[in-house]
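Engineer: Below are the sequence and a predicted model for it; my questions follow.
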Amino acid sequence: MDLLIPEVGLLVWNTIAFLVLVFLLGKFAWKPIMKGIHDREQSIDEALNKAELARQEMARLSAQNEDLMKQAREERDQILKEAKSLKDSIVNEAKNQAQAEGAKLIEKARIEIENQKKAALAELKGQVSALSLDIAERVLRTQLDDKAKQQELVNNLLKDVELN
Amino acid sequence: MDYNRVFVSKVKRLIVVFTLFSAFLGFNTTAFAQVDSVAAHGHEAAAPVAHGDEHGKEEKGFDITSFIFHHISDSHFFTIFGHGDHGVTLHLPIILWTDNGLVTFSSSAFQFDDAGKVVVEKNGQRFAIAHNKIYYANATADAHGSYVSHVTDEKGEAYVTNARPLDFSITKNVFSMLLSIIVLVIVFTTVAAGYKKRAGKAPKGIQSFLEPIILFVRDDIARPNLGHKYAAFMPYLLSVFFFIWLNNMLGLVPFFPGGANVTGNIALTVVLAAATFLITTFKANKYYWGHILNPPVPWWLKPLMIPVEIFGMFTKPIALAIRLFANITAGHILVMSLLCLIFIFNSYAVAPASIFFAVFIGLIEFLVAFIQAFIFTILSALFIGMAVEEHH
């Protein structure tokens, strides 16, 4: 069959043409095309990797922020607590001090009052004794005259006496 | 070895295609049978056949075999439209290496003859053309006016006994192939320029149309079969794929510059298969040769297996060449046969059915054009992959 026997001329042309085609396309087409595709794929991969890294970095940063916030909050609570206890202790101290001061003042006042009372009583005693002497003198003077008049005198005298 | 990979990965995707394809193969056998029966009838008289070839639609009876074979075989003329002197024809240059050295002339010198009736004298030598082949002409014409000697053998096959010069003419096939190469180089250098211009950016225009196909060749053909060594073979696989595909498609275009049966010519498929064979053989590693020369079988099987393996080295590329050639040629014969039904029945009434089926088969042929390019490339990748595989 004619169809199955290759023509020599065609074989030669086909061989040359195909080799030229592979050479030309290999050098001027496939090389830059494959390189272009490869580079682009790589750049896409890289971009995706970078995005993933950025995402992780973001997550890390936000976790860090969270930590910092928590820490800050704890610190604030701590400070507040300290301040409160400090305040309490100051107030208590002040109260105690005031109490002590008050007690001291009261004590002083009490002693003063005692002293004054003692002095007053001493004076009263002096006056009472003077009055008594006076009364006794006057009673004795009038005793001899009239019994009734003596009684009246004593009563009048007693009416005049003013107890201090 | 491990052919399963190919089928497992592709079977689901291509199942419809292969169903159609087997249906199409069924068609083919009937088409061939038909052609053969007509051939037996047609070759009873060689000279009228040649005449009928030229004026196929005349009342003498229509010789479908030589008509179809004329169309699927190579030619020294490229008919753009019309017929012979009444049409427009591209006369291709004839380049002969003769006993007296190089001879060149235009094919117009033969005046559309294809039966050895016109003699062209150059450099003191006489040439005649018959059945698209150039012969040294006889001194005198025979009874039919032909200057070449026809002999019919006992099987009824006619052939010419004259000596032939080496024919390096730019024939229809060569012309069409060179055209396809120019197209491929222009298209893919444009694509390459796109990659340089828009480095790292999304593809645009023709680049975005062809990139998926390039990636298909890389990711579905080269990588599964060649593994990490795929990059070195990409230029070859891509070139083969696009070269076969474009020429298959050009062959389906019924008018100029298509219509040449480039990939349906054994001379081309042999060259392509030889390229795969040479790459396979020269890139093969010790595991490949070990498998051939010392196959992993019991010792008493080795005398049988070693010749089988060596034989297998050659059958694979031969099958590759025959497969492409036969599929494309069969497709062309089928479409031509369907259209020739009109002339066989000599009735316009057949035309609608004939054209409907021709269009239907034509559409399948578009699919086949791609599938055959794909199969040739994936099998090349598979064979090369088996040769460069590290261990199995």
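Structural biologist: Looks like it arrived, so ask away. No experiment lies behind these values; they were computed from the predicted model shown.
Engineer: for the stretch 151-300 of chain B, what spans make up the strands?
Structural biologist: With DSSP state E, counting those that start in this stretch as the criterion, the stretch 151-300 of chain B has strands at B:158-160, B:166-167.
Engineer: Any figure for the gap between B:Ala381 and chain A?
Structural biologist: Separation of B:Ala381 from chain A (C-beta to the nearest C-beta, to the nearest Å) stands at 15 Å. (Glycine included, C-beta is placed from N, CA and C.)
Engineer: And the pLDDT at the spatially most central residue of chain B?
Structural biologist: Centroid-nearest residue in chain B: B:Gly264, 1.8 Å away (criterion: C-alpha atoms, centre = their mean). Note for B:Gly264: predicted pLDDT of 91.
Engineer: next one: B:Gln111
Structural biologist: Confidence score, pLDDT, at B:Gln111: 85.
Engineer: Surely it and B:Val118 touch.
Structural biologist: Yes: if you go by C-beta atoms under 8 Å, B:Gln111 and B:Val118 touch, sitting 5.3 Å apart.
Engineer: Any regions of the stretch 51-200 of chain B where pLDDT drops low?
Structural biologist: For the stretch 51-200 of chain B, applying pLDDT under 70 flags the ranges B:51-61, B:84.
Engineer: B:Gln111 and B:Val118 - which one has more neighbours?
Structural biologist: Between B:Gln111 and B:Val118, counting by other C-beta atoms under 10 Å in any protein chain shown, B:Val118 is the more crowded of the two (18 against 12).
Engineer: Any chance of TSV for the strands of the stretch 151-300 of chain B, columns distance to chain A and mean neighbour count?
Structural biologist: Compiled in TSV, the strands of the stretch 151-300 of chain B are given as follows (distance: least, C-beta to the nearest C-beta, whole Å; neighbours: other C-beta atoms under 10 Å in any protein chain shown):
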stretch	distance to chain A	mean neighbour count
strand B:158-160	8	16
strand B:166-167	4	18
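Engineer: re the thing from before, could I get the phi/psi values of the residue nearest to the centre of chain B?
Structural biologist: phi -90, psi 20 (degrees, to the nearest 10).
Engineer: Same check on B:Ala115?
Structural biologist: The phi/psi pair for B:Ala115 (degrees, to the nearest 10) reads phi -130, psi 20.
Engineer: just checking, it touches B:Tyr147?
Structural biologist: No: judged on C-beta under 8 Å, B:Ala115 makes no contact with B:Tyr147 at a distance of 9.4 Å.
Engineer: Next secondary structure after the longest helix seen in chain A?
Structural biologist: Taking DSSP state H as the criterion, chain A has its longest helix at helix A:31-142. Heading C-terminal from helix A:31-142, the first helix or strand you meet, by DSSP states H and E, is helix A:147-160.
Engineer: how many neighbours does whichever residue of chain A sits closest to chain B have?
Structural biologist: With C-beta to the nearest C-beta, the shortest gap between chain A and chain B falls at A:Gly36, namely 2.9 Å. Using other C-beta under 10 Å, A:Gly36 has 23 other residues around it.
Engineer: One more: B:Pro224?
Structural biologist: Neighbourhood size, B:Pro224 [other C-beta under 10 Å]: 17.
Engineer: try B:Ser66
Structural biologist: Counted with other C-beta under 10 Å, the neighbours of B:Ser66 add up to 24.
Engineer: got it, and B:Thr315?
Structural biologist: Neighbourhood size, B:Thr315 [other C-beta under 10 Å]: 11.
Engineer: tell me which element it falls in.
Structural biologist: Assigned by DSSP H and E, B:Thr315 belongs to helix B:302-345.
Engineer: Packing partners of that helix?
Structural biologist: When contacts are defined as 3 or more C-beta pairs under 8 Å, 6 or more residues apart in numbering or on different chains; DSSP states H and E, helix B:302-345 packs onto helix B:4-42, helix B:64-72, helix B:230-252, helix B:266-283, helix B:286-293, helix B:351-388.
Engineer: Go through the ones you listed and name the closest to B:Ile129.
Structural biologist: Closest to B:Ile129 of the helices and strands packed on helix B:302-345 is helix B:64-72 (C-beta to C-beta; 12.6 Å).
Engineer: other SSEs contacting the closest one?
Structural biologist: Packing contacts for helix B:64-72, counted by 3+ C-beta pairs under 8 Å, 6+ apart, involve helix B:4-42, helix B:46-54, helix B:302-345.
Engineer: Let me know the angle separating that helix from helix B:302-345.
Structural biologist: If you take axes from the mean of the first three to the mean of the last three C-alpha atoms, to 10 degrees, helix B:64-72 sits at 110 degrees to helix B:302-345.
Engineer: What pairs with the helix or strand following helix B:64-72, parallel or antiparallel?
Structural biologist: The helix or strand immediately downstream of helix B:64-72 is strand B:77-81, counting by DSSP H and E. Strand B:77-81 pairs in its sheet with strand B:88-91 (antiparallel), by DSSP bridges.
Engineer: in the partner strand, what counts as buried?
Structural biologist: Within strand B:88-91, the residues that count as buried by 16 or more other C-beta atoms under 10 Å in any protein chain shown are B:Thr89.
Engineer: follow-up on the earlier one: and the helices and strands packed on helix B:64-72, which one averages the lowest pLDDT?
Structural biologist: Of all the helices and strands packed on helix B:64-72, helix B:46-54 has the smallest average pLDDT, which comes to a mean of 38.
Engineer: Which elements pack onto the worst-scoring helix or strand of chain A on mean pLDDT?
Structural biologist: Least confident helix or strand, chain A: helix A:147-160 with a mean of 77, by mean pLDDT, DSSP states H and E. Judged by 3+ C-beta pairs under 8 Å, 6+ apart, helix A:147-160 is in contact with helix A:31-142.
Engineer: picking up where we left off before, ok, the residue nearest to the centre of chain B to chain A distance?
Structural biologist: The span separating B:Gly264 from chain A equals 9 Å under the rule C-beta to the nearest C-beta.
Engineer: Just give me the residue right at the centre of chain A.
Structural biologist: Nearest to the geometric centre of chain A sits A:Leu80, at 1.3 Å (C-alpha atoms, centre = their mean).
Engineer: Touching, B:Leu210 and B:Val187? I think so.
Structural biologist: Yes: with contacts counted by C-beta under 8 Å, B:Leu210 reaches B:Val187, the gap being 7.4 Å.
Engineer: So which bits of chain A are right by chain B?
Structural biologist: The interface of chain A toward chain B, taken as C-beta under 8 Å from any C-beta of the partner chain, is made up of A:2-15, A:17-18, A:20-22, A:24-26, A:28-37, A:39-40, A:43.
Engineer: Now which of the residues you listed would you call buried?
Structural biologist: Counted by 16+ other C-beta under 10 Å, these give A:3, A:6-7, A:9-15, A:17-18, A:21-22, A:24-26, A:29-30, A:32-34, A:36-37, A:40 as buried.
Engineer: So what's the residue count around the one residue in chain B that gets nearest to chain A?
Structural biologist: Nearest to chain A in chain B, going by C-beta to the nearest C-beta, is B:Tyr195, at a distance of 2.9 Å. For B:Tyr195, the count of nearby residues is 22 (other C-beta under 10 Å).
Engineer: and the gap between it and B:Met234?
Structural biologist: Between B:Tyr195 and B:Met234 the computed distance is 14 Å (C-beta to C-beta, to the nearest Å).
Engineer: Return the residues in contact with B:Leu252.
Structural biologist: Residues counted as contacts of B:Leu252 (C-beta atoms under 8 Å, 6 or more residues apart in numbering or on different chains) are B:Gly258, B:Gly331, B:Gly362, B:Glu365, B:Phe366, B:Ala369.
Engineer: hmm, back to that, right, and the residue nearest to the centre of chain B touches B:Leu334 too?
Structural biologist: No: when contacts are counted by C-beta under 8 Å, B:Gly264 is not listed as touching B:Leu334 (11.6 Å).
Engineer: How is B:Glu121 assigned, secondary-structure-wise?
Structural biologist: Classification of B:Glu121 using DSSP: H, G, I helix; E, B strand; the rest coil returns strand.
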